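Peer 1: the amino acid sequence is not available; the structure is as follows:
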Ligand SMILES: CCCCCCCCCCCCCCCCCCCCCCC/C=C/C(=O)SCCNC(=O)CCNC(=O)[C@H](O)C(C)(C)COP(=O)(O)OP(=O)(O)OC[C@H]1O[C@@H](n2cnc3c(N)ncnc32)[C@H](O)[C@@H]1OP(=O)(O)O
Ligand SMILES: Cc1cc2nc3c(=O)[nH]c(=O)nc-3n(C[C@H](O)[C@H](O)[C@H](O)COP(=O)(O)OP(=O)(O)OC[C@H]3O[C@@H](n4cnc5c(N)ncnc54)[C@H](O)[C@@H]3O)c2cc1C
């Protein structure tokens, strides 16, 4: 991606900081920038692209989308509307709609969530009733809770959307299916008859994504608007079910994988800002006869920040590994082979939650590590947090996804106990779960995390079985044990994150120069040691760690912080974010944070005049006792 070319577009970068625009102006400015930006960077994801090219494109989209502090109203067009056409459309539908979507002749979004339902897809209430007489579907929102609510770009930007609606034929429900629906006139952009559209209001973040609501009043669409790759409705109303009803959930799996890469990127941005600021900020005087040190030399500051560098690397390595699995399973699905879909779903249900939980917490820690200036919107840390924390919720709320992963883990464990072979990323569950003595090597610690996962999964299965033996229904037993089901999923996800990071780095180590290999493997060591200390309770319980071992781990951790310190600034510079993309007074490459803070302060509309008009209107009479 030629960032220089993109960033040189006149008007792309904001003269007036977005913070001082109205809600409406922020949206209008973001549309202006998105159009400018798309014209230059009009790129398409071609089916023949290699995995690497596709992943780069995703990264390119992510990086380029970073230029919008609060993201673009086009975001859903690229990240869900197009992927749904690709994944759910017949060849003919793909041919027609992909051309229009890629050329931006139409702008789309993905409308699944409703006011009353987000998590529970099978509870969605928007109706698509087939009328065989006219060969049309009648879309209807029967109650307020059935209004689509949240889709990005839906309010004023998109003129088409994928609507996930409950299909009815002759009064019988056939589940949730995707429908291509035009919602606005292509010339006037007015909402079409029987369609109510609007914006859902100001949010913690994403305030330029134009999240909207959509209600239908018996709105008719032709039969060919149902995306029919996975299930069909024939002209006479015959329903032809797909091989697996969950294939309609395919776009969500794609985005969950995309989110893992996006968390790598978001965290890299935040730690670049915080670490560069920590290199120029001097504060306090621990040694009376020496100048104030860089705050980066405080070990507590290193503890706050270095794990964020390592975590961004870990998420990136896991994301690249997961993309390979995603594309491989997608090819298998295309030939009707479904066996590896459950594992992909379970992996995405672990790595999306863990990457968003960790990234959200670490981005906030980056903000806090910058003291007062981290609290400035011009630092762009609060907005980065707002974007990251949204991913905790969207594309599958984290608790719900961890419980989905637990379903797969419980099934795998019960099968294993009955003698069924385990495969893929769950094969380790068949391993030895007793740790005779603590092994503090990187591989030894990773093995301990696998033992923790085995022990947590096996113990929560025992709890489930005991509840059911006591007479509880499976559903009640599941709910009762759900806190420890999510803990078991987290333990599995942690073991995957650690082992994939290590193995992917080992694969790459051979081609790295010795100095670079040394630094990157120090990050792996830091990541593994950090999490062993974070999860020391689990290590004590399941991995035979002793207090002496913990003492050694703590000393190793401190030494690793010291070893990484000389390369810390180089490591964030290597993320290679241009100042315009960091968009931060604290993180600019030249380190002129104070000057930039002042420059941005002077852009405040309040600084246009020395005395604000409220002095004479309110303050002066008030202070003179005249109010
Ligand atoms: C080129 C440059 C252009 C520049 C243009 C200008 C600007 C730049 C803009 C560019 C941006 C590009 C990208 C930016 C990157 C940002 C990162 C991405 C951001 C994307 C934003 C997204 C915004 C948000 C969107 C949404 O939130 S969409 C809605 C999401 N909703 C959900 O996820 C709902 C969650 N709920 C569920 O998934 C389901 O309800 C459930 C799984 C929880 C339960 O389902 P269900 O009830 O049906 O199932 P059961 O529990 O009964 O049974 C479960 C069994 O089913 C299997 N299962 C479940 N799900 C799946 C699945 N998905 N796949 C396979 N199998 C599945 C389970 O395994 C169970 O099986 P079992 O019975 O055998 O155990
Ligand atoms: C910034 C943002 C952008 C979004 N963009 C889109 C979009 O473009 N298109 C779209 O369709 N949607 C979008 N969404 C909606 C998003 O997909 C939903 O918010 C998400 O799926 C969560 O569903 P919910 O809001 O109904 O939360 P709920 O499911 O109501 O969650 C509330 C609480 O209930 C708990 N809970 C729910 N079910 C269970 C269960 N079975 N077991 C245990 N606990 C449970 C959850 O863990 C959570 O703590 C967006 C949301 C956000 C925040």
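Peer 2: Thanks, I have the structure now. Bear in mind the structure is a predicted one, so any value in this text is a computation, not a measurement. Ligands and ions are numbered 1, 2, ... in the order given.
Peer 1: contacts and neighbour counts: CA atoms only from here.
Peer 2: Noted.
Peer 1: strands of the stretch 201-350 of the chain, start to end?
Peer 2: Secondary structure of the stretch 201-350 of the chain by DSSP state E, counting those that start in this stretch: the strands cover 212-216, 219-222, 232-233, 239-240.
Peer 1: to the chain's geometric centre, what's the distance from the longest one?
Peer 2: Using C-alpha atoms, centre = their mean, to the nearest Å, the distance from the centre of strand 212-216 to the centre of the chain it belongs to is 24 Å.
Peer 1: from the contact counts, what lies against that strand?
Peer 2: strand 136-140, strand 148-149, strand 195-199 (3 or more C-alpha pairs under 8 Å, 6 or more residues apart in numbering; DSSP states H and E).
Peer 1: any chance of the strands of the stretch 201-350 of the chain in TSV with mean pLDDT as columns?
Peer 2: Formatted as TSV, the strands of the stretch 201-350 of the chain follow (pLDDT from 0 to 100):
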stretch	mean pLDDT
strand 212-216	98
strand 219-222	98
strand 232-233	98
strand 239-240	98
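Peer 1: and those strands, which is most packed in?
Peer 2: Comparing the strands of the stretch 201-350 of the chain by mean neighbour count (mean count of other C-alpha atoms under 10 Å), strand 212-216 comes out on top with a mean of 24.
Peer 1: now residue 163: how far from ligand 1?
Peer 2: Here residue 163 is placed at a distance of 11 Å from ligand 1 (C-alpha to the nearest ligand atom, to the nearest Å).
Peer 1: how many residues are close by residue 407?
Peer 2: 16 (other C-alpha atoms under 10 Å).
Peer 1: hang on, residue 599 in a strand?
Peer 2: No - under DSSP: H, G, I helix; E, B strand; the rest coil, residue 599 sits outside any strand and is assigned helix.
Peer 1: residue 470 - how many residues pack around it?
Peer 2: Using other C-alpha under 10 Å, residue 470 has 10 neighbouring residues.
Peer 1: that one and residue 481: what is the separation?
Peer 2: Per C-alpha to C-alpha, to the nearest Å, residue 470 is found 14 Å from residue 481.
Peer 1: hmm, back to that, most packed of the helices and strands packed on strand 212-216?
Peer 2: Per-stretch averages of neighbours, counted by mean count of other C-alpha under 10 Å, single out strand 148-149 among the helices and strands packed on strand 212-216, with a mean of 28.
Peer 1: quick one on the thing from earlier: okay, the strands of the stretch 201-350 of the chain in CSV with distance to residue 509 next?
Peer 2: Formatted as CSV, these follow (distance: least, C-alpha to C-alpha, whole Å):
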stretch, distance to residue 509
strand 212-216, 47
strand 219-222, 55
strand 232-233, 49
strand 239-240, 51
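Peer 1: out of those strands, which is closest to residue 174?
Peer 2: Closest approach to residue 174 among the strands of the stretch 201-350 of the chain (C-alpha to C-alpha): strand 239-240, 7.9 Å.
Peer 1: which helices and strands does that closest one pack with?
Peer 2: Strand 239-240 packs on strand 232-233, going by 3+ C-alpha pairs under 8 Å, 6+ apart.
Peer 1: how about residues contacting the strand it packs on?
Peer 2: When contacts are defined by C-alpha atoms under 8 Å, 6 or more residues apart in numbering, strand 232-233 is touched by residues 223, 226, 239-242.
Peer 1: can you pull out the helices in the stretch 251-400 of the chain?
Peer 2: Listed in chain order, the helices found in the stretch 251-400 of the chain under DSSP state H, counting those that start in this stretch are 299-334, 341-368, 381-393, 398-417.
Peer 1: give me the neighbour count for the closest residue to residue 209 other than its chain neighbours.
Peer 2: Of all residues not flanking residue 209 in the chain, residue 73 sits nearest, at 4.1 Å (C-alpha to C-alpha, 6 or more residues apart in numbering). Using other C-alpha under 10 Å, the number of residues around residue 73 comes to 29.
Peer 1: one step back: adding distance to ligand 1, write the strands of the stretch 201-350 of the chain out as a markdown table.
Peer 2: Compiled in a markdown table, the strands of the stretch 201-350 of the chain are given as follows (distance: least, C-alpha to the nearest ligand atom, whole Å):
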| stretch | distance to ligand 1 |
| --- | --- |
| strand 212-216 | 12 |
| strand 219-222 | 22 |
| strand 232-233 | 19 |
| strand 239-240 | 18 |
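Peer 1: strands of the stretch 1-150 of the chain, residue ranges please.
Peer 2: Using DSSP E, counting those that start in this stretch, the strands of the stretch 1-150 of the chain run over residues 108-111, 127-131, 136-140, 148-149.
Peer 1: among those, which is nearest residue 511?
Peer 2: The closest of those to residue 511 is strand 108-111. By C-alpha to C-alpha, the value is 41.6 Å.
Peer 1: which of the contacts of strand 232-233 sits closest to residue 370?
Peer 2: For the contacts of strand 232-233, the nearest to residue 370 is residue 226 (50.8 Å; C-alpha to C-alpha).
Peer 1: from what I can see the closest one touches residue 167, true?
Peer 2: No - using C-alpha atoms under 8 Å, residue 226 is not in contact with residue 167, being 9.8 Å away.
Peer 1: which residues do the two both contact?
Peer 2: Here residue 226 and residue 167 have residue 177 as joint contacts, going by C-alpha under 8 Å, 6+ apart.
Peer 1: looking at this protein, which helix or strand is least sure?
Peer 2: helix 51-65 (a mean of 52; mean pLDDT, DSSP states H and E).
Peer 1: in space, what's closest to residue 572 - neighbours in sequence excluded?
Peer 2: Excluding the flanking residues, the one nearest residue 572 by C-alpha to C-alpha, 6+ apart is residue 272, at 5.0 Å.
Peer 1: for the one you found, give its distance to ligand 1.
Peer 2: On the measure of C-alpha to the nearest ligand atom, residue 272 and ligand 1 end up 19 Å apart.
Peer 1: what do you get for residue 360?
Peer 2: Taking C-alpha to the nearest ligand atom, one finds residue 360 at 14 Å from ligand 1.
Peer 1: okay, now residue 79: neighbour count?
Peer 2: Neighbourhood size, residue 79 [other C-alpha under 10 Å]: 20.
Peer 1: please renumber so the chain begins at 44
Peer 2: With the count now opening at 44, the last piece we talked about shows up as residue 122.
Peer 1: that one is in contact with residue 299, isn't it?
Peer 2: No - at 10.6 Å, residue 122 and residue 299 do not qualify as touching, with contact defined as C-alpha under 8 Å.
Peer 1: check contacts around the closest residue to residue 188 other than its chain neighbours.
Peer 2: Among residues not flanking residue 188 along the chain, residue 159 sits closest, at 4.4 Å (C-alpha to C-alpha, 6+ apart). By C-alpha under 8 Å, 6+ apart, the contact list for residue 159 reads 167, 188-190.
Peer 1: any idea which of those has the most stuff around it?
Peer 2: Top of these by neighbour count (other C-alpha under 10 Å): residue 190, with 26 neighbours.
Peer 1: center of the chain, which residue is that?
Peer 2: For the chain, the residue nearest the mean C-alpha position is residue 302 (3.2 Å; C-alpha atoms, centre = their mean).
Peer 1: is it true that that residue touches residue 395?
Peer 2: Yes - between residue 302 and residue 395 there is a contact under C-alpha under 8 Å: 6.4 Å.
Peer 1: what's the closest of the strands of the stretch 44-193 of the chain to residue 290?
Peer 2: Residue 290 lies closest, by C-alpha to C-alpha, to one member of the strands of the stretch 44-193 of the chain: strand 151-154, at 15.8 Å.
Peer 1: mind listing what's buried along that closest one?
Peer 2: Neighbour counts over strand 151-154 (16 or more other C-alpha atoms under 10 Å) mark 151-154 as buried.
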